[in-house]
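> model the structure of this input:
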Amino acid sequence: QVQVVESGGGLVQPGGSLRLSCTASGSISSIGTMGWYRQAPGKQREVVATITYDGDTNYVPSVKGRFTISRDNAKNTVYLQMNSLNPEDTAVYYCNADGLFGTPGNYYYRLDWGQGTRVTVSA
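Residues are numbered from 1 along each chain as shown. Here you go, the predicted structure:
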């Protein structure tokens, strides 16, 4: 009922930058905190950064000072500006959000995971 589409990934050299986007569309009543997550090969998915509706942000220590999360509430979109990328940032990046989704009688409060967007940092 709600589609999540991540984009912006790709292959980048160490030290480079990428900007990820994620848009949710469909049966959305409200969206609260949005976040970016990543899953590196052979590792569990981890949270990278979160942003509340009002713009308060949190980052995992390994990306603090290099990544910036932002959102456009009117577009149900969250962004992740990634600078000074290093090989340890290689992963599939996903977004998710809390909120009120679905239709009367079939509401849910957490989005299903999308397909993600792959980020590869390599020389």
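
> number of residues surrounding the residue nearest to Q1 when sequence neighbours are not counted?
On the basis of CB to CB, 6 or more residues apart in numbering, the spatially nearest residue to Q1 that is not a chain neighbour turns out to be S27, at 4.4 Å. C-beta here means a position set from N, CA and C on the backbone, and glycine is covered the same way. Applying other CB atoms under 10 Å, we find 15 residues neighbouring S27.

> how close does S27 sit to R19?
Using CB to CB, to the nearest Å, S27 is found at 27 Å from R19.

> wait, R19 touches Y79, no?
Yes. The pair R19 and Y79 passes the contact test of CB atoms under 8 Å, sitting 6.3 Å apart.

> what ranges do the strands span in this protein?
Using DSSP state E, the strands of the chain run over 2-7, 10-12, 18-26, 28-39, 46-51, 57-59, 67-72, 77-82, 91-103, 106-110, 117-121.

> okay if I get those strands as a markdown table plus mean pLDDT and mean neighbour count?
Converted to a markdown table, these look like this (pLDDT from 0 to 100; neighbours: other CB atoms under 10 Å):
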| stretch | mean pLDDT | mean neighbour count |
| --- | --- | --- |
| strand 2-7 | 95 | 16 |
| strand 10-12 | 98 | 14 |
| strand 18-26 | 97 | 19 |
| strand 28-39 | 97 | 18 |
| strand 46-51 | 98 | 19 |
| strand 57-59 | 98 | 16 |
| strand 67-72 | 98 | 18 |
| strand 77-82 | 98 | 22 |
| strand 91-103 | 96 | 20 |
| strand 106-110 | 94 | 11 |
| strand 117-121 | 98 | 18 |
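
> need the outlier residue of this structure, farthest from its centre.
What lies farthest from the middle of the chain is G105; by CA atoms, centre = their mean that is 28.1 Å.

> list the contacts for that one?
By CB atoms under 8 Å, 6 or more residues apart in numbering, the contact list for G105 is empty.

> begin at 745 from now on, thanks
Okay, using 745 as the starting number, the last item reads as G849.

> beta partners for L762?
M826 (DSSP bridges).

> show me what contacts it?
By CB under 8 Å, 6+ apart, the contact list for L762 reads G752, G753, G754, V756, M826, L829, V863.
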